[in-house]
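In: kindly generate the corresponding structure for this input.
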Amino acid sequence: MAKKSHQSASPYTGVVRRVVPVGEEKLVALTFDDGPWPDTVAVLEVLRQYGAKATFFWVGLHLQRRPEIAQQVVVEGHAIGNHTWSHRNTPMTPEEAGEEIERTAALIAHTTGLTTSLFRPPGGRLHNGLADYALQQGYTVVQWSVLGKDTEVLEAESIVENVLHNVQPGSIVLLHDGGGDRRKTVEALHTILPALQAQGYRFVTVPELLALNQAAIPKAPSH
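Out: Numbers count the residues shown, from 1 in each chain. Sure thing, here's the model as predicted:
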């Protein structure tokens with residue numbers, strides 16, 4: 001597949017966890033980590049049902065195994081980001097960090113024809129060498145301001161509560177479509193999406209949110 005220009009080109013280079021939209025417009029960016037995964041298909045179905053766009057941060061090893069799901073994500077108009085090759089979050093040398101990021105970037109381009117300027121370090125860790133390398137290469141390091149905690153042993157209702165009680169205009173919400181059984185996340189989305197729409201929120205990709213920003217707010221909690 002021919003390589004195209006950046007799908008996720010960003011006007012902001014740095015670390016960001018929330019974006020303040022101009023006029024405090026009710027925008028929210030849903031993000032999903034650790035795919036592509038079999039449950040990604042179910043996530044896409046819910047997003048399609050509510051006309052919502054999201055941003056998916058891919059692990060290279062998972063992308064290698066499920067290229068057809070990745071291609072479906074792109075065809076349906078969602079944004080993509082780099083989430084390293086192996087989801088390693090221990091300290092590493094610049095060479096090791098480069099291998100984790102560049103190998104995934106190359107596979108994204110090969111699989112989808114796209115490149116991305118978005119990067120999310122596993123666990124949100126900013127001081128193990130990955131974020132430094134990504135920033136040097138011009139990536140926007142995307143953290144989050146709302147944590148669904150869907151990797152913990154939670155019922156869907158708790159995931160819903162974690163999101164709905166913390167969303168504000170410009171929030172970046174962290175959920176997961178991969179890395180394990182994500183049926184609870186899918187169940188929670190069936191409540192989260194219509195509830196936020198009823199409050200007047202509109203779902204946008206991270207690049208769309210960054211393009212409309214008044215101020216990018218740095219730092220992020222770890223998970």
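
In: centroid residue for the protein?
Out: The centroid of the chain falls nearest to Thr31 when counting by CA atoms, centre = their mean (3.5 Å).

In: remind me which helix or strand that residue belongs to.
Out: Taking DSSP states H and E as the criterion, Thr31 maps to strand 27-35.

In: what's the closest non-adjacent residue to the residue nearest to the centre of the chain?
Out: Distance criterion CB to CB, 6 or more residues apart in numbering; nearest residue to Thr31, sequence neighbours excluded, is Thr55 at 4.7 Å. Quick note: C-beta positions are derived from backbone N, CA and C, even for glycine.

In: how much space separates that neighbour from Val167?
Out: 16 Å (CB to CB, to the nearest Å).

In: who has more neighbours, these two?
Out: Here Thr55 and Val167 are set side by side on neighbour count (other CB atoms under 10 Å), and the busier one is Thr55, at 27 against 20.

In: so which residues of the chain form strands?
Out: Ranges of strands in the chain, per DSSP state E, are 15-16, 18-21, 27-35, 55-58, 79-82, 118-119, 140-142, 146-147, 171-176, 202-203, 213-217.

In: need those in a markdown table with distance to Ile108 and mean pLDDT, can you?
Out: A markdown table is the format used below for the strands of the chain (distance: least, CB to CB, whole Å; pLDDT from 0 to 100):
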| stretch | distance to Ile108 | mean pLDDT |
| --- | --- | --- |
| strand 15-16 | 20 | 94 |
| strand 18-21 | 23 | 88 |
| strand 27-35 | 12 | 98 |
| strand 55-58 | 7 | 98 |
| strand 79-82 | 7 | 98 |
| strand 118-119 | 11 | 98 |
| strand 140-142 | 15 | 97 |
| strand 146-147 | 25 | 98 |
| strand 171-176 | 19 | 98 |
| strand 202-203 | 22 | 98 |
| strand 213-217 | 23 | 61 |
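
In: deepest-packed of these, please.
Out: strand 55-58 (a mean of 30; mean count of other CB atoms under 10 Å).

In: can you give me how far that one is from the chain middle?
Out: 4 Å (CA atoms, centre = their mean, to the nearest Å).

In: before we move on, what about stretch 139-146?
Out: Distance, centroid of stretch 139-146 to centroid of chain: 8 Å (CA atoms, centre = their mean).

In: identify all contacting residues around that stretch.
Out: Under the criterion CB atoms under 8 Å, 6 or more residues apart in numbering, residues 10, 12-18, 31, 55, 57, 81-82, 101, 117-121, 124, 126, 131, 134-135, 162-163, 166-168, 170-174, 206, 210, 217, 219-221 lie in contact with stretch 139-146.

In: mind redoing it with 7 Å?
Out: Applying CB atoms under 7 Å, 6 or more residues apart in numbering, the external contacts of stretch 139-146 come out as 10, 12-18, 31, 81, 117-121, 124, 131, 134-135, 163, 166-167, 171-174, 206, 210, 220.

In: give me the number of residues near the residue lying closest to Gly200 once chain neighbours are set aside?
Out: Closest residue in space to Gly200, ignoring its immediate chain neighbours: Lys26 at 4.7 Å, by CB to CB, 6+ apart. Lys26 is flanked by 17 other residues according to other CB under 10 Å.
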